[in-house]
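Undergrad: When you get a sec, could you give me coordinates for this:
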Amino acid sequence: MQRRQAKIVEQVQAMGYVSIEDLARDFKVTPQTIRRDINLLSKEGLVRRYHGGAGIATSVENIRYSARQILCHDEKRTIAANVAKRIPSRASLFINIGTTTEEVARELLKKDGLRVITNNLNVAVTLSGNSDFEIYVAGGMVRQRDRGITGHATLEFIRQFRTDFCIIGISGIGANGDLLDFDYREVQVTKAIIQNSARVLLVADHTKFGREAMVRMGHVSDIDELFTDTLPPGKMVEILKEYGVKIHI
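TA: Model (predicted):
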């Protein structure tokens, strides 16, 4: 392996995600050269190729939170604006952990009279900017890396509510339609959120399709509507249609 390619793997492991532009600047080569390196490393299973960069190739550890905030940021903002159009004022909803759901929270600030239950402190802080909202924050263990709240106490709190909508993010969507994530405790909370919501809205950018993670949260048949930025792969579209999932692009 070339020294440059080895260094790319080191940077991805350290940062969680590195953009093609940053790598080209660091190594003083063209973006096309970096793309070839990433393609090769991806085939070897050493990194995971994303649009515009490379991330960690693993099913047991997520990309670092600070890197996920940057990854597909424009796409997440577009998804969030689309979701916000779907939520009427005076509605009740759950919002779970994730950088895309945090973008949704920013868009929801324009609404009136929402009642929101969340296990994401970032979402709670954002939504508290609207004095017309009621925000309920779940108890439990706070994860330092992203301020998500999980655990048994979180589950017990979530089960006390029944909402009009839930807005959930996910780490990966398998080729067979499985919804996948990395943290078992987080998955249990998301399952409870789905069970206690009248309508389930999943937000996922294109990098989530085909991405592997160790813990199975459920299946696309558990959701009612998918909000994404590009048309999913052909087989996935067929699966979504089979289960009556409405796709918003």
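
Undergrad: Now do Met1, the pLDDT please.
TA: Per-residue pLDDT puts Met1 at 53.

Undergrad: neighbours of the spatially closest residue to Leu23 that is not a sequence neighbour, just the number please.
TA: In space, and not counting its chain neighbours, Leu23 is closest to Ile34: 4.7 Å by CB to CB, 6 or more residues apart in numbering. From N, CA and C alone the C-beta is placed, and that goes for glycine too. By other CB atoms under 10 Å, the residues close to Ile34 number 25.

Undergrad: Next up, the contacts around Ile34.
TA: Applying CB atoms under 8 Å, 6 or more residues apart in numbering to Ile34 gives the contacts 8, 20, 23-24, 27.

Undergrad: right, and out of these, which lies closest to Arg68?
TA: Arg68 lies nearest to Ile20 out of the contacts of Ile34, by CB to CB, at 17.2 Å.

Undergrad: Am I right that the residue nearest to Leu23 sits in a helix?
TA: Yes. Assessed by DSSP: H, G, I helix; E, B strand; the rest coil, Ile34 belongs to a helix.

Undergrad: Arg64 versus that one, what's the distance?
TA: Distance of Ile34 to Arg64, computed by CB to CB, to the nearest Å: 20 Å.

Undergrad: Kindly report the same for Ala105.
TA: Taken as CB to CB, the span from Ala105 to Arg64 is 21 Å.

Undergrad: These two: which is more packed in?
TA: The neighbour comparison of Ala105 against Arg64 (other CB under 10 Å) goes to Ala105, with 24 against 16.

Undergrad: where does the residue nearest to Leu23 land on pLDDT?
TA: Each residue has a pLDDT score; the one for Ile34 is 96.

Undergrad: and this protein, what are its domains?
TA: 3-57, 72-248 (automatic domain parsing).

Undergrad: Point out the most buried one among those.
TA: Among the domains of the chain, the stretch with the highest mean neighbour count (mean count of other CB atoms under 10 Å) is domain 72-248, at a mean of 19.
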